[in-house]
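Colleague: Show me the folded form of this:
(chains A and B)
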Amino acid sequence: MNTAIEATGLVKTYPGDVRALDGLTFGVAEGSIFGLLGPNGAGKSTAVKILTTLSRADEGMARVGGHDVRRDAERVRRTIGVVAQKAGVDPDATGRENLVLQGQLFGMSGREVQARADELLGSFGLADAGRRAVRTYSGGMQRRLDIATALVHRPSVLFLDEPTTGLDPEVRAEMWGEIARLNEQEGLTILLTTHYLEEADRLAARLAIVDRGRVVAEGSPAELKGGLHGEALQLELAADAADELARTALLELPEVREVAGEGRWVRARVDDGARAIPAVLQSLDGRGIAVSSVTISRPSLDDVYLRLTGRTFDHAGSDAGSAQTRPGHEMVEVS
Amino acid sequence: MTALAQTWPLTLRDLRAFLRQPWYVAITLVQPIIWLLLFGALFKSIANVPGFTGGSYVDFLAPGIVIMVALFSSGWNGMATIQDLDRGVMDRLLVTPVRRSSLIAGRIANGAFNIAVQSVVIVGLALLVGADFSNGIVGALVLIGVAALLGMAFAAFSNGIALLARKEETLIGLVQFIVLPLSFTSATFMQQDLMPGWMQKISRYNPVNWAVEAGRNAATGSLNWGYIGVRAGLLALLLVAATAFATRAFRSYQRSV
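Modeller: Predicted coordinates for the structure are as follows:
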């Protein structure tokens, strides 16, 4: 299998001694979806900017489609499609005009680019909106146009920086389908950055967990979760104030390996969930802590992240907390 | 060829964005009229100053207003670049194979188009209020060409500043700081030899004055091709320098992202 994206020891420091990347290294196999997972500020966007030739690394080397991003920027640009975190389409222009301009900048001829624009508007469900100004589009439509624009020149590698941030859950699910389709049907290599654990789990064949500019773990979602033995036990307490007490109580039990959580939610890693439950309930009951529900599940990427960085995913990023999966609220089952 | 193939669609994009703002179009067309009538009325008595040789004041002023409007409108050319930076459009353009010089060329070509339209409006109005363009259509076309040269140079400069400052406020402040003094230390409103001595000296190095002198000589003066050519040549050099500056400014922006 050829390597479509290769990053080796990337270092990037911004003025004020902000070290955004600190030796980032990973590789993406041709034709696969690879996820860079981490909280805001972990360095994911910086990595994408360097790999897409927008920015330059201070140290390290990167190749995309076999071309060096620094020495061969022009060839890299012809190989890649980029959907940045901030929508890059022109709101004053129509959807079609955005697509046509993009194609023209890649040197496509008039007839070729018109046909391609029609094709993309059709396949992204924008056929009726093509002649409307983009500012009248919904968030989901703008995102779709964003992706369509990145595909005009038929790139072989697609970069998606936080493709579903700010979209409502329904549109997000649609987008996931779209991304999977591009990979399966068009054979695109896709690098996806996300701070949604669920998204990485759902889409990426392999992923790297990024923390403070470095890869702290790499593998398939199943491998990463498999590295955590046992199961996750998730408890919902009847009262808000008891979580501290509950965590202390659980840590004393030999069956329990790790405890985390917040508010009414407590989550514990145990070797065997079915066996641990009676002991857990008994211990809590003995301290007068009422439990309203218990769930057992295989570990999620939440647990992996917590394990690797010592922080819950929610609190790792500066402003990552608002929109993402809260630990314990959504468990991702792996069968 | 590549450069043209890339520049034209970018120019078209700016042009379409401009035409889709009817109020902006209206202001662009009305403002030069106000300048011409306002300054024409305000400074009318300059024609009676002993030593003034320009004939009627409107003959003298009209070419100056053409240049001034070119300067003013091109100063704002970089605003579109700041908008593109804010909206993420620039980041998308920069990861296509487009040349940085084409991005600048697209912007200044759109600026040149605006200047041409505004200039025609001013010339037409000046004729209506009795100006005499003694060198006819050739003189008027040379005047418009010189105005476009100056305007494109300032448009390129404005885009360079936009890429360095990346803030509307900075660009607005700087343009205002530069544009008015340049207009008033040129022969736009006042015949050169009636200006204070120190100002005459400054005006020799003032690109706005090069354009005013060349444009006025072409439209209403002796149509001296050598005199015009030297000044147009200097403006062309300025355009090349400003474009090089703006093209390089992309590096500064890309270092910051």
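Colleague: which residues are in contact with stretch A:108-121?
Modeller: Contacts to stretch A:108-121, defined as CB atoms under 8 Å, 6 or more residues apart in numbering or on different chains, come from residues A:95-96, A:99-100, A:103-104, A:126-127, A:129-130, A:148, A:151-153. C-beta here means a position set from N, CA and C on the backbone, and glycine is covered the same way.
Colleague: residues contacting residue B:134?
Modeller: B:219, B:220, B:221.
Colleague: So which of those sit within strands?
Modeller: With DSSP state E as the criterion, strands contain none of the contacts of residue B:134.
Colleague: out of the residues you listed, which is most surrounded?
Modeller: Neighbours here mean other CB atoms under 10 Å in any protein chain shown. Within these, the largest count is held by residue B:219, at 28 neighbours.
Colleague: so what secondary structure elements neighbour the host helix or strand of residue A:173?
Modeller: For residue A:173, the host element (DSSP states H and E) is helix A:169-186. On a contact count with 3 or more CB pairs under 8 Å, 6 or more residues apart in numbering or on different chains; DSSP states H and E, helix A:169-186 meets strand A:33-37, helix A:139-151, strand A:189-194, helix A:197-203.
Colleague: For residue B:212, which of these is the nearest?
Modeller: Smallest distance to residue B:212 across the helices and strands packed on helix A:169-186 (CB to CB): 44.4 Å, for helix A:139-151.
Colleague: Show me which residues of that closest one are buried.
Modeller: For helix A:139-151, the neighbour count (16 or more other CB atoms under 10 Å in any protein chain shown) marks A:140, A:141, A:142, A:143, A:144, A:145, A:146, A:147, A:148, A:149, A:150, A:151 as buried.
Colleague: so the spatially most central residue of chain A bridges to which residues?
Modeller: Of all residues in chain A, the one closest to the mean position by CA atoms, centre = their mean is residue A:194, 2.0 Å from it. With DSSP bridges applied, residue A:194 shows beta-bridge pairing to residue A:37.
Colleague: ok, it - contacts?
Modeller: Taking CB under 8 Å, 6+ apart, one finds A:35, A:36, A:37, A:44, A:162, A:163, A:164, A:200 in contact with residue A:194.
Colleague: Next up, the contacts around the second one.
Modeller: When contacts are counted by CB under 8 Å, 6+ apart, residue A:36 touches A:26, A:44, A:47, A:48, A:191, A:192, A:193, A:194, A:207, A:208, A:210.
Colleague: One more pass at 6 Å, please.
Modeller: A:44, A:193, A:208, A:210 (CB atoms under 6 Å, 6 or more residues apart in numbering or on different chains).
Colleague: Restricted to helices, list those.
Modeller: Among the contacts of residue A:36, the members found in helices (DSSP state H) are residue A:44.
Colleague: The contacts of residue A:36 into CSV, with extra columns for distance to residue B:229?
Modeller: Below are the contacts of residue A:36 laid out as CSV (distance: CB to CB, whole Å):
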residue, distance to residue B:229
A:44, 57
A:193, 56
A:208, 63
A:210, 61
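Colleague: Please produce CSV containing the contacts of residue A:36, extended by pLDDT and distance to residue B:69.
Modeller: Below are the contacts of residue A:36 laid out as CSV (pLDDT from 0 to 100; distance: CB to CB, whole Å):
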residue, pLDDT, distance to residue B:69
A:44, 95, 48
A:193, 96, 48
A:208, 95, 56
A:210, 93, 53
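Colleague: Closest one to residue A:91 out of the contacts of residue A:36, please.
Modeller: residue A:193 (23.7 Å).
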